[in-house]
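Peer 1: with the input below, show me the fold.
(one chain, ligands or ions: 2)
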Amino acid sequence: MRALCWNGVNDLRVETVKDPEIVNPHDCILRVTMSTTCGSDLHFIDGYLPGMKEGDVIGHEFMGVVEDVGREVSKVKKGDRVVVPSFVTCGQCWYCKHDLHSLCDNTHPKPELQEPLLGCTTAGIYGYTHVFGGYAGSHAEYIRVPFADQNCFQVSEALTDEQALFLSDAAPTGYMGADLSNIRPGDTVAVWGCGGVGLMAQQSAFLMGAERVIAIDRFPERLQMARQHVGAETIDYTAVASVPEMLREMTGGRGPDACIDAVGMEAHGTGLQYAYDRAKQFMYMHSDRGQALREAIQACRKGGTLTVLGVYGIMDKFPLGMIMNKGLTVRASQQNGQAYMKRLFAHVEKGELDPSFLATHRFPLEEAPRGYAMFKHKQDGCVRAVFVP
Ligand SMILES: [Zn+2]
Ligand SMILES: [Zn+2]
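Peer 2: Ligands and ions are numbered 1, 2, ... in the order given. Alright, predicted model coming up:
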């Protein structure tokens, strides 16, 4: 089959690779019908996240049609149109039973690669380094889905492919971010980042009762999306002296009730602090640039909630004293998509949530390297590049 392979830092190629096979009786094989880029892919494409091997198939947000099932699969059958959350869950362990699917104890086949870095083992992710399990990714004609009954979610006829596709990752991650943020009716929620996850967190914050949502980014077309599709107020951080000050001004001096970081270690910023972070990252002394997170901590009202959805490694100059003295509640998680699928399907079917606008650009799989280049450099207003094998 054809698949998009990582061959080195900034070297992606579409190649012919071996077709996936059922290796465990709980597996299914999916014919991928749509797959999309994610900002977190850039971490290993750019060489900041270790654990890739030449020829690895990448991609972790996808949907498709079931082609074949293992003999122990009972709920999923050939021909089903399904969407699959990006973390692999077993459905049986303590974490899965407590809806903490991204922390599943049974789906990481190589814990020895991860424990030294994170001090724990997470669930495996498709197409996202050997540190996260080494599963083959979704930018391919076919993919093996382990524990098919737990990980494949049937999509109703009412949903288009683009609506279903983003229920794989961007929508549940954003929705979970709003869910973790203790939003009460009337609250003001600030969200750093207007990429797929940020926009979904903004839309979800309204669904959970926020009265005002303030979106922060620097790209005019993304800020426009936040206004037009979400109804958020926006701040272009390159146009203001201080984002926390601006937020205080917009909230009568108090600050937002909840602040969500949907940026992570790719954070771009302005000023001296940014130059310092960038220089250190360049020298690989630490991998993270934390401007968005620091701003969120500064801006949040006393006693408010800070939710971290952005992906981080190690960060220094972390203002823990500010968190403690302000009495902030800090929440953070990788996505536990399986826990939110039922609610998300209902929201999309009722027209309350529509992630399809994230699909700004569509490419045949053969042109995936071009799609990633466009996505990475945010050319032509690209929010997500979608690949159709
Ligand atoms: Zn993702
Ligand atoms: Zn589990």
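Peer 1: what's the distance between Ser333 and Ile260?
Peer 2: 12 Å (Cβ to Cβ, to the nearest Å). (Each C-beta comes from the backbone N, C-alpha and C, glycine too.)
Peer 1: from the stretch 51-200 of the chain, which residue is nearest to ligand 1?
Peer 2: Nearest to ligand 1, among the residues of the stretch 51-200 of the chain, is Asp169, at 4.0 Å (Cβ to the ion).
Peer 1: hmm, back to that, find residues that contact each of Ser333 and Ile260.
Peer 2: Leu309 (Cβ atoms under 8 Å, 6 or more residues apart in numbering).
Peer 1: out of the two, which sits in the more crowded spot?
Peer 2: Ile260 (35 against 16; other Cβ atoms under 10 Å).
Peer 1: centre of the chain versus whichever helix or strand the more buried one is part of, how much separation?
Peer 2: Taking DSSP states H and E as the definition, Ile260 sits inside strand 258-261. Strand 258-261 sits 15 Å away from the centroid of its parent chain (Cα atoms, centre = their mean, to the nearest Å).
Peer 1: elements contacting it?
Peer 2: strand 188-192, helix 196-207, helix 291-299, strand 305-308 (3 or more Cβ pairs under 8 Å, 6 or more residues apart in numbering; DSSP states H and E).
Peer 1: reformat those as TSV; add distance to Pro244.
Peer 2: Formatted as TSV, these follow (distance: least, Cβ to Cβ, whole Å):
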stretch	distance to Pro244
strand 188-192	10
helix 196-207	18
helix 291-299	4
strand 305-308	13
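Peer 1: which parts of the stretch 51-200 of the chain sit against ligand 1?
Peer 2: By Cβ under 5 Å from the ion, the residues of the stretch 51-200 of the chain that approach ligand 1 are Asp169.
Peer 1: sorry, back to before: the residue of the stretch 51-200 of the chain closest to ligand 1: neighbour count?
Peer 2: Asp169 has 26 nearby residues by other Cβ under 10 Å.
Peer 1: lowest-confidence helix or strand of the chain?
Peer 2: Least confident helix or strand, the chain: helix 271-282 with a mean of 60, by mean pLDDT, DSSP states H and E.
Peer 1: okay, helices next: where are they in the stretch 251-389 of the chain?
Peer 2: With helices called from DSSP state H, counting those that start in this stretch, the stretch 251-389 of the chain shows them at 271-282, 291-299, 320-326, 341-349, 368-376.
Peer 1: hmm, who's touching the last one?
Peer 2: Around helix 368-376, the neighbours that count as contacts under Cβ under 8 Å, 6+ apart are 4, 12-14, 37, 41-42, 45, 139, 361, 363, 379-380, 382, 384-387.
Peer 1: go through those residues and flag which are in strands.
Peer 2: Among those, the ones falling in strands (DSSP state E) are Leu4, Leu12, Arg13, Val14, His361, Phe363, Arg384, Ala385, Val386, Phe387.
Peer 1: pull the contacting residues for the closest residue to ligand 1 within the stretch 1-150 of the chain.
Peer 2: Nearest to ligand 1, among the residues of the stretch 1-150 of the chain, is Cys38, at 3.0 Å (Cβ to the ion). Counting by Cβ under 8 Å, 6+ apart, Cys38 makes contact with His60, Glu61, Ser86, Asp169, Ala170, Gly196.
Peer 1: any chance of those residues in a markdown table, plus secondary structure and pLDDT?
Peer 2: Below are those laid out as a markdown table (DSSP: H, G, I helix; E, B strand; the rest coil; pLDDT from 0 to 100):
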| residue | secondary structure | pLDDT |
| --- | --- | --- |
| His60 | coil | 98 |
| Glu61 | strand | 98 |
| Ser86 | coil | 97 |
| Asp169 | coil | 97 |
| Ala170 | helix | 96 |
| Gly196 | helix | 95 |
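Peer 1: just to revisit the earlier point, give the buried subset of the contacts of helix 368-376 as a PyMOL selection command.
Peer 2: Here is the PyMOL command that selects the buried residues among the contacts of helix 368-376 (16 or more other Cβ atoms under 10 Å):
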select buried, resi 4+12+14+37+41+42+45+139+361+363+382+384+385+386+387
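Peer 1: who's in contact with the residue lying closest to Val73 once chain neighbours are set aside?
Peer 2: Distance criterion Cβ to Cβ, 6 or more residues apart in numbering; nearest residue to Val73, sequence neighbours excluded, is Ala148 at 4.7 Å. Neighbouring residues of Ala148 by Cβ under 8 Å, 6+ apart: His26, Asp27, Cys28, Val66, Val69, Gly70, Val73, Lys75, Val76.
Peer 1: which ones among those residues map onto strands?
Peer 2: Among the contacts of Ala148, the members falling in strands (DSSP E) are Cys28, Val66, Val69.
Peer 1: ranking the residues you listed by neighbours, who comes first?
Peer 2: The ones in strands among the contacts of Ala148, ranked by neighbours (other Cβ under 10 Å): first place Cys28, 27 neighbours.
Peer 1: just checking, that one touches Arg71?
Peer 2: No: between Cys28 and Arg71 there is no contact under Cβ atoms under 8 Å: 11.1 Å.
Peer 1: pLDDT value on whatever residue of the stretch 201-350 of the chain ends up closest to ligand 2, please?
Peer 2: As assessed by Cβ to the ion, ligand 2 sits closest to Gln338 within the stretch 201-350 of the chain, at 9.8 Å. Looking at Gln338, its pLDDT stands at 97.
Peer 1: sounds good, over and out.
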